[in-house]
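Chemist: generate a structure from the sequence data that follows.
(2 chains)
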2 protein chains.
Amino acid sequence: MKLHNFNSGPSILPQPVLEEAARAIINFNDTGLSILEIGHRTDWFQEVLNEAVTSVKQLMQLDDAYEVLFLHGGATTQFMQVPMNLLDDGETAAYCDNGIWGNKAAKEAALFGNVQVVADSSDKKHTYIQKEFNIPGNAKYLHLTSNNTVEGTQWHSYPETSVPLVADMSSDIFSRPADFKKFALIYAGAQKNMGAAGVNLVVIRKDVLGKVLRKIPTIMNYQKHIDAGSLMNTPPVFAVYVSMLTLRWIIAQGGLAEMAERNEAKSSLFYHTLDSLPLFTGTVAKEDRSQMNAVFFLKNPALEVPFLDLCKKEGMIGVKGYRTVGGVRVSMYNALPLASVQAFCDLMKQFSSKNS
Amino acid sequence: MKLHNFNSGPSILPQPVLEEAARAIINFNDTGLSILEIGHRTDWFQEVLNEAVTSVKQLMQLDDAYEVLFLHGGATTQFMQVPMNLLDDGETAAYCDNGIWGNKAAKEAALFGNVQVVADSSDKKHTYIQKEFNIPGNAKYLHLTSNNTVEGTQWHSYPETSVPLVADMSSDIFSRPADFKKFALIYAGAQKNMGAAGVNLVVIRKDVLGKVLRKIPTIMNYQKHIDAGSLMNTPPVFAVYVSMLTLRWIIAQGGLAEMAERNEAKSSLFYHTLDSLPLFTGTVAKEDRSQMNAVFFLKNPALEVPFLDLCKKEGMIGVKGYRTVGGVRVSMYNALPLASVQAFCDLMKQFSSKNS
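Modeler: Next up is the predicted model:
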């Protein structure tokens, strides 16, 4: 049976990336060694890291004001690491609480300084993005989550702000072009659009560093990672390698403009189908719908289990909604083909016909 | 050319582990999906995690007083995470400084409480293990590094102590049986004897937790990871999987007794050869020599480059000494066959004959 992988993360990766990664597990670049067995201070790995960093800078069109790091952990690590590096005791940071992950990020930041939640869409279960708000003038930065994986919302244009802008882009990184120079810091766990779980991409505009008095543990100190070129300690070698391959694939496909076109085509097809079928209902505000994660429900809750069972039977993987939200969620990351979305839409139509 | 992988870490892994991992990158357990594409909350990954945890408990003969975690990062992360969880402001921890990594661990701990360095072998460039020392009665724990990867020394029996014993076992974990119940906490980056870079094994006796008043960032909080069964956030799925395969391999080979026998055979052969060839000199105290990492020098420094060149030409990988130590280092982890040590010893003899 043909499987369609709608996992929310870890999620579908491009087939050529998987094939190259499998080869490298046995014989990396004809070295006769596995990618798992090579030293991280070899020229071999340095080339992998260099290509990964260069690819990020190229795709984001960043100049030398920015540094690109690949660090251990996932976005949850960055929830702590960002304020540890940027927010001193007694200082204030502004956070947008437009979803479960932004909410968690704000809570971690509160361990390091004062957190002011400037936007909060929890009044409607985070089914929209609160985009109008006031930022305290003394805020060290404004933190937002560019795409809410769980709730299915996405910022379609970023706020104008005079304070440094920090974004968790874990679930829509490299899905579309943007003016990335608006950001002082961007972080993303790799396991959605850019690789395997176990590595974080962190992009930093260097001028925001070195301003806190706190003693930062070495392994958490961005500046020390910059000084060591992401090689302060043994990096997650294989995860960095898979990110490099995925970035290479994105560039070869045509870069972020091409990714945006594909993602637009997939999400348009999906939402058009959703809106055309009265059996289903999307609860997210239309203007804030995510191109990456579509969350929806059966109007008749009794039909949810039969629908999810049908999905399973037909090879639709990972479409059960997040445990706190329920319903159905289809994730349509870069590597997901349009054909999978078409297959899912056909299934929705088929289920609708039988149950209307 | 046949390669012999003496890398200090990331380092050689068992061939069957590499082959299984490569297959899983394309098709994990006949699911039709890659191990990189499956959700971490699936039964599929839960089984991987369960087997990894059970294997650790079996190999270490641990009872339910202990918890086994697989966490993001490497040992350097634990240098911070251990004191963050166990050492409150104003409290004292005892550290053994018998090598570069123990020294770094002590420095990180000093950010969280008082550190008393109770053993220090830096007077002789860490070429021995200081094993006699006094521990302050109020110490929250004693920290040691079981094997010093860089300097080539190893604890061959662990100290008796009334304070909780904490060990960084990154470079000799699962290389030999021991009474692991002597320890309150054991941690190890996986990339030597138990897998790929990007995951930490942390074994904790639960009664040492919950005693600090500090607010611990969620992602660093051992107790929260225990409560969530290592699934608080997306774990480094592939790295955990490779650890599980490596643990499965160790058990299938005969467990820690068998590993110890092999490691004893390899290191005996190597050190016997070293001691028999006047061209070479080992600087490490004989009683503290490591079975994992043998560090030695050419008595005539002018011969070092020619020897390293010959090693390279003959496919001996990763034998250059650590940058701060120099000389030659051969790492002989579990997965290294005796034949590789034999080949290296033959090369030493050949070089000796030509240069004596």
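Chemist: which parts of stretch A:61-69 are buried?
Modeler: A:62, A:66, A:67, A:68, A:69 (16 or more other CB atoms under 10 Å in any protein chain shown). For glycine as for every other residue, the C-beta is placed from the backbone atoms N, C-alpha and C.
Chemist: whoops, stretch A:347-355 was the one
Modeler: If you call a residue buried by 16+ other CB under 10 Å, then stretch A:347-355 has these buried ones: A:347, A:348, A:351, A:352.
Chemist: now do the phi/psi pair for the second one.
Modeler: Dihedral angles phi and psi of residue A:348 (degrees, to the nearest 10) take the values phi -60, psi -40.
Chemist: need the residues of the stretch 1-150 of chain A near chain B, please.
Modeler: Applying CB under 8 Å from any CB of the partner chain, we find that the stretch 1-150 of chain A lies next to chain B at A:1, A:3, A:5, A:7-13, A:18-19, A:21-23, A:25-26, A:32-34, A:36-40, A:72-77, A:79-80, A:84, A:104, A:107-108, A:111.
Chemist: those in helices, which ones?
Modeler: Secondary structure defined by DSSP state H assigns A:18-19, A:21-23, A:25-26, A:75-77, A:79-80, A:84, A:104, A:107-108 of the residues of the stretch 1-150 of chain A next to chain B to helices.
Chemist: which among those count as buried?
Modeler: A:18, A:21-23, A:25-26, A:75-77, A:79-80, A:84, A:104, A:108.
Chemist: make a markdown table out of these and add pLDDT and distance to residue A:255.
Modeler: Listed next are these as a markdown table, based on pLDDT from 0 to 100; distance: CB to CB, whole Å:
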| residue | pLDDT | distance to residue A:255 |
| --- | --- | --- |
| A:18 | 98 | 21 |
| A:21 | 98 | 21 |
| A:22 | 98 | 25 |
| A:23 | 98 | 25 |
| A:25 | 98 | 28 |
| A:26 | 97 | 30 |
| A:75 | 97 | 24 |
| A:76 | 97 | 29 |
| A:77 | 97 | 28 |
| A:79 | 98 | 29 |
| A:80 | 98 | 32 |
| A:84 | 98 | 33 |
| A:104 | 98 | 32 |
| A:108 | 98 | 33 |
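Chemist: wait, which of these is closest to residue A:120?
Modeler: Compare each of those with residue A:120 using CB to CB and the shortest gap goes to residue A:104, at 13.8 Å.
Chemist: what's near enough to touch the nearest residue to that closest one once chain neighbours are set aside?
Modeler: Nearest residue to residue A:104 in three dimensions, chain neighbours excluded: residue A:79, at 5.9 Å (CB to CB, 6 or more residues apart in numbering or on different chains). Residue A:79 sits next to A:104, A:105, A:107, A:108, A:109, B:217, B:218, B:219 when contact means CB atoms under 8 Å, 6 or more residues apart in numbering or on different chains.
Chemist: farthest-apart pair in the ones in helices among the residues of the stretch 1-150 of chain A next to chain B, please.
Modeler: The most distant members of those, if one measures by CB to CB, are A:26 and A:107, lying 43.5 Å apart.
Chemist: dump the longest helix along chain A to PDB, restricted to CA.
Modeler: In chain A, taking DSSP H as the definition, the longest helix is helix A:255-276. Extracted C-alpha coordinates of helix A:255-276, given in PDB (Å, rounded to 0.1, in the frame of the first residue of the first chain):
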ATOM      1  CA  GLY A 255      14.800  27.400  -3.300                       C
ATOM      2  CA  LEU A 256      12.200  29.100  -1.100                       C
ATOM      3  CA  ALA A 257      10.200  30.600  -4.000                       C
ATOM      4  CA  GLU A 258       9.600  27.100  -5.300                       C
ATOM      5  CA  MET A 259       8.800  25.700  -1.900                       C
ATOM      6  CA  ALA A 260       6.300  28.500  -1.400                       C
ATOM      7  CA  GLU A 261       4.600  27.700  -4.700                       C
ATOM      8  CA  ARG A 262       4.300  24.000  -3.900                       C
ATOM      9  CA  ASN A 263       3.100  24.700  -0.400                       C
ATOM     10  CA  GLU A 264       0.500  27.200  -1.700                       C
ATOM     11  CA  ALA A 265      -0.700  24.700  -4.200                       C
ATOM     12  CA  LYS A 266      -1.100  22.000  -1.600                       C
ATOM     13  CA  SER A 267      -2.700  24.100   1.100                       C
ATOM     14  CA  SER A 268      -5.100  25.700  -1.400                       C
ATOM     15  CA  LEU A 269      -6.200  22.300  -2.700                       C
ATOM     16  CA  PHE A 270      -6.700  21.100   0.900                       C
ATOM     17  CA  TYR A 271      -8.600  24.100   2.300                       C
ATOM     18  CA  HIS A 272     -10.700  24.400  -0.800                       C
ATOM     19  CA  THR A 273     -11.700  20.800  -0.400                       C
ATOM     20  CA  LEU A 274     -12.300  21.300   3.400                       C
ATOM     21  CA  ASP A 275     -14.600  24.400   2.700                       C
ATOM     22  CA  SER A 276     -16.500  22.500   0.100                       C
END
